[in-house]
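Participant: Model the following, please.
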Amino acid sequence: MNEAAAPRPASTRGRRRGDAAQSFRLLADFAPVMIWVATPDRRAVYFNRPWQEFTGRDDATELGFGWLEGVHPEDRERVERSYAEAFGKPEPCEISLRLRRHDGAWRWLTNKGVPLFEEGKLRGFAGSCLDITERIEDERAAREGELARERSARASAESETQARDQFLAIVSHELRSPLNGIKSWTHVLANQLANADPTVRRAIAGILIGVEHQVRLIDDLLDVTRALSGNLGLAKQRMPLLPVLADAVESLRATALEKDVQMETDYAIADREIHGDPDRIRQIFVNLITNAVKFTPAGGHIRVSAKPEGSMARIEVRDDGSGIDPDFLPYVFDPFRQADQGLSRRSQEGLGLGLALVQRLAQLHGGHVSCESDGPGRGATFRVHLPLHREAGARGVAEVAQAGRQAPALPSLAGIRVLLIDDQREARESLATLLSQTGAQVATAASCQEAMAHLALNQDSGREPEVIVCDIAMPGEDGYATLRRIRRWEASRPAGARSRRPAVALSAFTQREDRLKALAEGFQMHLAKPVAPVELATVISSVARGMRI
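Facilitator: Numbers count the residues shown, from 1 in each chain. Here you go, the predicted structure:
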C-alpha cells in the first residue's frame with residue numbers, strides 16, 4: 001500500500017472531527033433559526049444561541065431531556081411519541097409544537113429533524129426550529145373569518161327561507177279564505193235547490209269543480225316551492241300501499257265518468273307495505289290519475305295497476321289519450337313546463353306542477369318515476385317505483401275498493417250547539433247557514449271579544465255552546481289567543497259548571513306544522529279551508545259526541 005493511500009492516524013481524524021464540530025457551532029450560533037443536535041438515544045447535546053435566547057435557558061437546563069420542560073403540556077406527549085418514532089426508524093421528522101418563550105409567551109414552532117449517519121451508522125439527529133406563530137394566527141383569523149362569513153350566509157339564507165315560508169303561508173291563507181265562502185255558499189245553494197232544473201244543478205256543480213281545481217293549484221304551487229327549496233317535510237310511517245292507491249282511484253272515478261272515461265284497475269299488491277307519508281303518497285297517485293283524466297278524451301280508458309317488482313312496488317297509470325311529443329318527454333317532470341304551449345301538444349289548463357311534484361315526492365320516498373309515450377294521440381304511461389316494506393296483512397282488494405266507493409253521508413247535527421268564530425263575514429255566515437241545515441244550533445262571533453261576550457251572556461242558561469269552531473288567522477287576538485282565553489274562563493267557573501268544550505281549528509294555514517301547532521295549543525282537530533261540509537259536520541258530530549259520553 002502506498003503512502004498516499006495509508007489511513008490517517010486516529011488522532012488526526014479526531015482532530016479534524018473536532019475542528020468540524022467547532023466550525024458547525026460557530027455557524028449555528030449565527031444562523032437565523034434555532035438549531036439543536038441530539039444523540040441516538042434522543043438526548044439533546046447542543047442548542048445554538050438563537051435557541052437559548054428564545055427560551056432564556058442555558059445548556060445546563062436544556063440539555064438531555066430538560067428542553068421538554070419548555071414544551072406546552074398539551075403537546076408534550078405527542079412530541080415525545082413523534083420523536084421516538086422518528087429516532088427508532090430512523091427517518092426525517094417534522095413536528096409542530098408550542099414552546100415557552102423567555103417572556104412566558106407560548107409560541108408555535110415547526111421543528112424539522114434529520115438523522116446523521118457516519119459510515120452507515122446512526123450518530124444522532126440535527127434539527128432546526130422556526131417560529132410560525134404569526135402564520136398560524138393569520139391562518140386562524142382567516143378560518144374564523146370564513147366561518148363567520150359562512151354563519152352569516154347561513155343565517156341570511158335561513159332568514160330568507162323563513163320569510164319565504166311566511167309569505168307562502170300568507171298567500172295560501174289569502175287564496176284559500178275566499179274559496180271557503182264560495183264553497184260553503186255553493187253547498188247551501190245545492191241543499192236549497194236540490195230539486196231545481198238541470199241547468200241550475202249543473203251551474204252549482206261547475207262552481208264546486210272550479211273551487212276544487214283552485215285548491216289543488218294552490219296546494220301544488222306551495223308544495224312544489226317547498227320541495228324545490230328542500231323544505232317539504234314528510235311524516236313517514238309503515239303503511240299499506242293498496243288502501244291509499246284505491247282511495248285515490250275511487251276519489252277520481254266520478255270525475256272520469258263525467259268525461260265518459262272508463263277507469264280500470266289491476267291490483268296485485270294487496271298485502272304489501274311501504275315506509276312513507278300517507279298524505280304525500282296519496283298525492284302522488286291523485287296527481288298522476290288527475291293528469292291521465294285531463295288528457296284522455298271522451299270514450300277513452302285509464303288503467304291503474306300495482307304489483308311488486310323485486311324490492312320495489314311498481315304503480316302504473318296508463319291512458320290512451322292525447323300522448324306526448326317525443327321532444328317534450330325529457331321535460332315532462334320539469335315544473336311549469338305544462339304552461340309552455342310550444343313544447344307539448346298535451347298542454348291544457350294548469351301550471352304544470354302536478355308531475356314535478358310527483359317526481360320530487362317519489363324521490364323523497366327513495367323511489368323514482370318515469371314516463372313513456374309513442375307520440376301524440378297514442379297515450380302515455382307513467383310508472384312510479386317505491387321501496388317495499390316487508391310483508392304485512394291488509395284488507396283485500398274488493399274490500400278496499402268498496403270502501404272507496406262509499407261516499408259518507410252528511411251527518412245530522414240536530415240539537416248540537418256550536419259557536420263559530422271567524423272574522424271574515426262570508427266564511428262565517430256561509431258556514432253558519434250550512435251547519436244550520438244539518439240541524440245544529442249555531443251562534444257566531446267575529447272576534448275573540450264577541451266570543452267571550454257570548455259565553456258570558458249564555459253561561460248557566462242551557463244555551464252554552466258544546467263545540468267551538470274557531471278560525472286561526474284573525475286580527476287582534478288570533479285563534480290560539482282566543483282558545484286560551486276560553487280555557488281560562490272555563491277554569492274560573494265554579495267546580496260544578498266547569499266544562500272544557502272541544503275546539504276545532506279552521507284555518508287556511510294548512511301545512512303539517514300548522515296542524516301540529518293547533519293540536520299543541522289545545523284544539524282537538526285542525527281542518528283546512530276551504531273545508532268540505534261533510535268533513536266539518538262529521539268532526540263536529542264526533543267531538544260533540546265525545547263530550548256527551
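
Participant: quick one: low-confidence parts of the stretch 301-450 of the chain?
Facilitator: Within the stretch 301-450 of the chain, the ranges that satisfy pLDDT under 70 run 336-352, 390-409.

Participant: which stretches of it form strands?
Facilitator: 301-309, 312-319, 368-372, 380-387, 417-421, 441-445 (DSSP state E, counting those that start in this stretch).

Participant: out of those strands, which comes closest to Pro330?
Facilitator: Closest to Pro330 of these, according to Cβ to Cβ: strand 368-372, at 9.6 Å. Every residue, glycine included, has its C-beta placed from N, CA and C.

Participant: tell me how far that closest one is from the chain's mean position?
Facilitator: Average the C-alpha atoms of strand 368-372, do the same for its chain, and the two points are 24 Å apart (Cα atoms, centre = their mean, to the nearest Å).

Participant: helices and strands around that strand, which ones?
Facilitator: helix 354-364, strand 380-387 (3 or more Cβ pairs under 8 Å, 6 or more residues apart in numbering; DSSP states H and E).

Participant: tell me, how many neighbours does Asn48 end up with?
Facilitator: The number of residues packed near Asn48 is 23, by other Cβ atoms under 10 Å.

Participant: ok, so what distance separates it from Leu457?
Facilitator: For Asn48, the distance to Leu457 equals 98 Å [Cβ to Cβ, to the nearest Å].

Participant: Including mean neighbour count, could the strands of the stretch 301-450 of the chain go into CSV?
Facilitator: Listed next are the strands of the stretch 301-450 of the chain as CSV, based on neighbours: other Cβ atoms under 10 Å:
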stretch, mean neighbour count
strand 301-309, 18
strand 312-319, 22
strand 368-372, 16
strand 380-387, 20
strand 417-421, 24
strand 441-445, 19
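
Participant: Now tabulate the ones you listed in TSV and tack on distance to Ile486.
Facilitator: Formatted as TSV, the strands of the stretch 301-450 of the chain follow (distance: least, Cβ to Cβ, whole Å):
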stretch	distance to Ile486
strand 301-309	47
strand 312-319	46
strand 368-372	47
strand 380-387	44
strand 417-421	9
strand 441-445	11
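
Participant: of all these, which lies closest to Val71?
Facilitator: strand 380-387 (56.0 Å).

Participant: in the protein, which helix or strand is least confident?
Facilitator: helix 397-405 (a mean of 44; mean pLDDT, DSSP states H and E).

Participant: Compare the helices and strands packed on strand 368-372 and give me the one nearest Val531.
Facilitator: Once the helices and strands packed on strand 368-372 are compared by Cβ to Cβ, helix 354-364 is nearest, at 22.7 Å.

Participant: that older thread, what's the closest of the strands of the stretch 301-450 of the chain to Leu99?
Facilitator: For these, proximity to Leu99 was assessed by Cβ to Cβ; strand 380-387 is nearest, at 58.1 Å.

Participant: For that closest one, enumerate the helices and strands it packs against.
Facilitator: Judged by 3+ Cβ pairs under 8 Å, 6+ apart, strand 380-387 is in contact with strand 273-276, helix 278-294, strand 312-319, helix 354-364, strand 368-372.

Participant: Let's see that with 10 Å instead.
Facilitator: The contact analysis (3 or more Cβ pairs under 10 Å, 6 or more residues apart in numbering; DSSP states H and E) places strand 380-387 against strand 273-276, helix 278-294, strand 301-309, strand 312-319, helix 354-364, strand 368-372.

Participant: circling back to that earlier point, closest one to Ala544 among the strands of the stretch 301-450 of the chain?
Facilitator: strand 417-421 (8.3 Å).

Participant: which residue packs closest to Arg100, ignoring adjacent ones?
Facilitator: Nearest residue to Arg100 in three dimensions, chain neighbours excluded: Gly70, at 4.8 Å (Cβ to Cβ, 6 or more residues apart in numbering).

Participant: first vs last residue of stretch 29-40, how far apart are they?
Facilitator: 23 Å (Cα to Cα, to the nearest Å).

Participant: Quick one: distance of that stretch to the chain centre.
Facilitator: That offset, for stretch 29-40, works out to 59 Å (Cα atoms, centre = their mean).

Participant: For that stretch, buried residues please.
Facilitator: Residues 34-39 are the ones in stretch 29-40 that count as buried (16 or more other Cβ atoms under 10 Å).

Participant: State the number of residues packed around Ser322.
Facilitator: 22.

Participant: rewinding a little: turn the helices and strands packed on strand 368-372 into JSON lines, columns for distance to Thr510.
Facilitator: Shown next, in JSON lines, are these (distance: least, Cβ to Cβ, whole Å):
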{"stretch": "helix 354-364", "distance to Thr510": "15"}
{"stretch": "strand 380-387", "distance to Thr510": "24"}
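
Participant: Out of those, which is closest to Pro494?
Facilitator: helix 354-364 (52.7 Å).
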